[in-house]
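*Asks:* A structural model of the following input is requested.
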Amino acid sequence: MTREYSVAILGATGAVGTRLIEQLEQSTIPVKNIKLLASSRSAGKTLQFKGTDVVVEEATPESFDGVDLVLASGGGSVSARFAPEAVKRGAVVVDNSSQWRMNDDVPLIVPEVNEADLKQHQGIIANPNCSTIQMVVALAPIKAKYGLTRVIVSTYQAASGAGQSAWQELVSETDAHNAGKEMHAEILPVKSAKHHYPLAYNLLPQIDVFEEDGYTHEEWKMIHETKKIMFGDKNSKAVKVTATAVRVPVPIGHGETVYFETDAGSGATAADIQAILSEAPGVVLEDNPKEQLYPQPINAEGKRETFVGRVRPDLENDDSFHMWVVSDNLLKGAAWNTVQIAERLVDLDLVRVPEDAANKFVTA
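*Replies:* Numbers count the residues shown, from 1 in each chain. Now for the predicted structure:
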């Protein structure tokens with residue numbers, strides 16, 4: 001008899017939360033019942049799951065009683081508070097925030113890349129940063145064949161990556177500018193920052209706060225998440241990674257220019273890289289310069305795949321290449337990767353909390 005699962009979605013009313021509902025509806029997970037959880041200000045709203053009205057409840061520790069699987073996208077502080085409570089009550093949490101990503105007891109998962117790490121979970125599985133996910137999906141098959149020693153990435157990240165309010169602010173700024181009015185910025189680049197700048201008709205070379213070394217936390221995340229996912233150690237010396245993250249006036253869909261070096265003497269050619277990517281899971285190769293075929297955010301919106309194009313050799317460095325990577329940051333970068341992880345947990349019969357892990361995570 002097929003096991004059915006009681007599923008809770010934490011942060012159900014947000015931009016990612018509503019997409020979690022949609023992706024869960026389309027998934028292979030047999031859902032027995034569903035709880036939609038959010039803050040007190042969203043409690044009482046009605047959303048739908050598979051055509052049935054579901055009333056949003058305020059999240060409390062007791063909300064997770066009887067729940068098997070939690071898909072969380074409520075932000076770091078929310079996950080810090082509720083993920084341990086869910087685990088204590090026997091639920092497995094797939095968390096979309098940054099709260100648990102660097103925790104050594106929490107696997108950081110992109111199913112196409114490191115699904116095997118799911119077997120080590122202690123009740124919480126972390127969903128990586130959106131910009132990291134699409135990059136490692138493209139790099140993993142290349143690493144498997146030709147090795148990987150260096151990555152230099154520049155991102156072109158959509159407004160929705162900063163949340164629903166940032167996306168709405170981009171729209172209002174655009175409308176104001178087109179009407180000849182002053183643009184008012186209150187959110188970007190960082191809500192808590194001293195200064196805010198309009199994103200409409202602009203580029204912001206700051207995503208998240210600045211660290212002491214001059215890198216933003218977004219850039220830090222891409223560096224260390226890539227190492228953890230692909231090399232099993234967030235501080236791995238086996239690969240050199242650096243990043244520059246830029247917010248661009250696009251609603252949905254992150255773009256990335258990725259420079260990478262394969263093992264010295266790998267013998268790889270651009271055609272070899274294209275051939276690998278054309279067969280890689282989760283990747284769609286769109287690469288025909290003669291026909292001006294290359295990935296674009298507007299075409300990736302609403303799709304689960306990661307799109308790759310502009311694959312070409314670096315003319316100054318042997319065994320080195322460039323590529324352009326695009327994905328829907330709210331789907332593969334968030335909701336779909338989260339549900340995809342949950343699907344794999346179900347398929348591998350891993351929706352259970354180890355007995356010695358129930359109290360492993362301290363509630364913040």
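
*Asks:* Only C-alpha atoms from now on, for both contacts and neighbour counts.
*Replies:* Will do.

*Asks:* what about the residue sitting furthest away from the middle of the chain, which SS state?
*Replies:* Largest separation from the mean C-alpha position in the chain: Gly180, at 36.1 Å (Cα atoms, centre = their mean). Secondary structure, DSSP: H, G, I helix; E, B strand; the rest coil: Gly180 is coil.

*Asks:* I'd like to know how far it sits from Glu279.
*Replies:* 49 Å (Cα to Cα, to the nearest Å).

*Asks:* and what of Asn317?
*Replies:* Distance, Asn317 to Glu279, using Cα to Cα: 26 Å.

*Asks:* quick one: which of these two has more around it?
*Replies:* The residue with more neighbours, out of Asn317 and Glu279, is Glu279; 12 against 9, by other Cα atoms under 10 Å.

*Asks:* what's the more buried one in contact with, if anything?
*Replies:* By Cα atoms under 8 Å, 6 or more residues apart in numbering, no residues touch Glu279.

*Asks:* ok, it to Lys332 distance?
*Replies:* Distance, Glu279 to Lys332, by Cα to Cα: 18 Å.

*Asks:* Thr18 belongs to a helix?
*Replies:* Yes: the assignment for Thr18 is a helix, going by three-state DSSP.

*Asks:* Which parts of this protein are strands?
*Replies:* 5-10, 31-38, 46-49, 52-55, 57-58, 69-72, 92-95, 124-126, 150-157, 240-247, 254-261, 283-285, 306-313, 320-327 (DSSP state E).

*Asks:* partners of the last one, with directions?
*Replies:* Spelled out, that is strand 320-327. Partners of strand 320-327 in the sheet, by DSSP bridges, are strand 254-261 (antiparallel), strand 306-313 (antiparallel).

*Asks:* now do the shortest one
*Replies:* When sheet partners are counted by DSSP bridges, strand 57-58 sits next to strand 31-38 (parallel).

*Asks:* Next, the angle from the strand it pairs with to strand 5-10.
*Replies:* Our comparison of strand 31-38 with strand 5-10, counting by axes from the mean of the first three to the mean of the last three Cα atoms, to 10 degrees, yields an angle of 10 degrees.

*Asks:* And strand 31-38, what's buried?
*Replies:* Using 16 or more other Cα atoms under 10 Å as the test for burial, strand 31-38 gives Ile34, Lys35, Leu36, Leu37, Ala38.

*Asks:* same check, this time on stretch 241-260
*Replies:* 241, 243-260.
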